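Novice: I'll drop the sequence and a predicted model, then ask my questions.
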Amino acid sequence: MPRNRRLAAAVVAVASMSLLASACTGQSSGGATDDVNAKTTITFWHGWSAASEVKAIQADVDRFEKIHPNIKVKVVGNMTDDKINQALRGGGSDAPDVVSSFTTDNVGKFCSSGAFADLKPFLAKSKIDLDKTFSKPLQDYTQFDGVRCTLPLLSDAYALYYNKAEFKDAGITAPPKTWTEFDQDAVKLTKSKGDSYQQLGFMPDFHGYESTPSHMVAQWSPTYVGKDGKSNVAKDPAFAKMFTWQQNLVKKLGGFTKLEKYRATFGDEWGAKHPFQTGQVAMQVDGEWRLGMAQDAKSKVDIGIAPLPVPDDQAASYGKGYITGTIAGIASTSKKQNASWEFVKYITTDTDAVVDFANDIHNIPSTLAALKSPKLKFDPRLKTFLDIAQNPASNTTPPSVNGGTYQVTLQDFGYDFESGRAKDLKAGLRKTASQIDKDNEKAK
């Protein structure tokens, strides 16, 4: 699921999440007592809604039921975190046993509130070594404050899409590896037309779809939270360096006003008239889904894909990127946690199950074994995303006690800074960090 949709879902869910701590009083995972060999039915809620996705998740369920004929899985799709939270607060017979969410930002509240069961006893019982099963970023965003209440279920990565024909016309022979090279290429690829553009090398504005602060700053390998538990956005130079780079590129490409006027001509991010697919923009930050969307839209762009550039002083880390994904967990209110664990374990750690699901919905596998499976099918151009997913320097945004609120706060500052409403970068980042800390304290 695209990152900005995840972030929107996280923001919508924050209000209802605040009620979870006092409402979730179900079994602890260590006290699960149901007989895993008994005939039973568990309820599984997920967020997928497209016909092909629903078909794929049902195929996964069908394979599980063949292996575990005593466990039937009742599947309910198109579930948002808000609906999930309401059901978990009620804890009635209609509440789910197993939940899959697109919103990794909410893991902090899922774990700290007790809404999801602690999976540590189950992992120990099944002798699952997390370090041998999942990469570090995926482990990071599926736990919070020492509590692991979710596991990864497929993943997403972000990379650089580029227009090969426009690169050739501009005399550029290879995708940029550093931000200096990127800026030079963005300027070469830009063709002004009066107070607008005939073609733009790259849209640096934070409203430019997936070019959000969290996606861009990942290339500087930031630390969001300090050892004292406070926001680190004003102390870690990565954030100031990213915002400085972005503002400088805005100026090199004609200025914020001119860029925003051109952005107003763009088609919808999820439609056929996406500016990269039409050739209006030569380079685009996006996830693995963009290739399929471009093909479905019958785009004539000759698409190249490469890792996003890195800072010049981190050139050796080229190949890393931002990673996020879907998560799965067990409701703490479930009275069928042992049976639920068998299902969660299967869909998240069984190599063939993960590969089959990834093949069906064209996402990146979440286990290290699945990423190397010969059964994995993908367009050769998507290998870039598989490599990013396995790169030890790739990173993610950490879970927070109040979901994705801190990212919204940082993004709002980005809008103010790029537009000139906020002129003092250091002061703005200090104010942003202070607001993040205040919000976190309120959410505890």
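Specialist: All right, it came through fine.
Novice: may I see the buried residues of the helix or strand residue 328 falls within?
Specialist: Element membership for residue 328 (DSSP states H and E) is strand 323-330. Burial within strand 323-330, assessed by neighbour count using 16 or more other C-beta atoms under 10 Å, is assigned to 323-330. No exception for glycine: its C-beta is placed from N, CA and C like everyone else's.
Novice: listing partners with orientation, what would you give for it?
Specialist: strand 98-101 (antiparallel), strand 151-163 (antiparallel) (DSSP bridges).
Novice: do me a favour and average the pLDDT over it.
Specialist: Average pLDDT, strand 323-330: 94.
Novice: C-terminal to it, what's the next element?
Specialist: With DSSP H and E, the next secondary element past strand 323-330 is helix 337-349.
Novice: now do that following helix against strand 323-330: the angle between them, please.
Specialist: Orientation of helix 337-349 against strand 323-330 (axes from the mean of the first three to the mean of the last three C-alpha atoms, to 10 degrees) gives an angle of 160 degrees.
Novice: tell me the helix or strand right after helix 337-349.
Specialist: Next element after helix 337-349 (DSSP H and E): helix 351-361.
Novice: contacts for that next one?
Specialist: 48, 52-53, 55-57, 59-60, 63-64, 153-154, 346-348, 363-367, 369-370, 373, 375-378 (C-beta atoms under 8 Å, 6 or more residues apart in numbering).
Novice: as JSON lines, the strands paired with strand 323-330 with distance to residue 305, mean neighbour count and mean pLDDT would be great.
Specialist: JSON lines is the format used below for the strands paired with strand 323-330 (distance: least, C-beta to C-beta, whole Å; neighbours: other C-beta atoms under 10 Å; pLDDT from 0 to 100):
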{"stretch": "strand 98-101", "distance to residue 305": "27", "mean neighbour count": "26", "mean pLDDT": "94"}
{"stretch": "strand 151-163", "distance to residue 305": "6", "mean neighbour count": "26", "mean pLDDT": "96"}
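Novice: on that earlier part again, now the buried members of the contacts of helix 351-361.
Specialist: Buried, going by 16+ other C-beta under 10 Å: 48, 53, 56-57, 60, 63-64, 153-154, 346-348, 363-367, 370, 373, 376, 378, out of the contacts of helix 351-361.
Novice: circling back to that earlier point, can I get the buried residues of strand 323-330 in TSV with distance to residue 404?
Specialist: Listed next are the buried residues of strand 323-330 as TSV, based on distance: C-beta to C-beta, whole Å:
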residue	distance to residue 404
323	16
324	11
325	14
326	15
327	14
328	19
329	17
330	23
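Novice: and of those, the nearest to residue 406?
Specialist: Nearest to residue 406 among the buried residues of strand 323-330 is residue 324, at 15.0 Å by C-beta to C-beta.
Novice: how far does stretch 329-344 stretch from start to finish?
Specialist: Distance across stretch 329-344, first residue to last, is 7 Å (C-alpha to C-alpha, to the nearest Å).
Novice: show the average pLDDT along stretch 183-203.
Specialist: On average, stretch 183-203 scores 96.
Novice: I meant stretch 333-351, not that one.
Specialist: Averaging pLDDT along stretch 333-351 gives 97.
Novice: any low-confidence regions in the chain?
Specialist: 1-31, 90-93 (pLDDT under 70).
Novice: what about the strands in it?
Specialist: For the chain, the strands defined by DSSP state E cover 40-45, 71-76, 98-101, 143-144, 147-148, 151-163, 191-193, 196-202, 281-287, 303-306, 323-330.
Novice: next, the contact list for residue 211, please.
Specialist: The contact partners of residue 211, by C-beta under 8 Å, 6+ apart, come to 202-205, 285.
Novice: could you report the separation of it from residue 301?
Specialist: For residue 211, the distance to residue 301 equals 18 Å [C-beta to C-beta, to the nearest Å].
Novice: could you pull out the helices in the stretch 151-300 of the chain for me?
Specialist: 164-169, 179-188, 213-217, 237-252, 256-263, 275-278, 289-296 (DSSP state H, counting those that start in this stretch).
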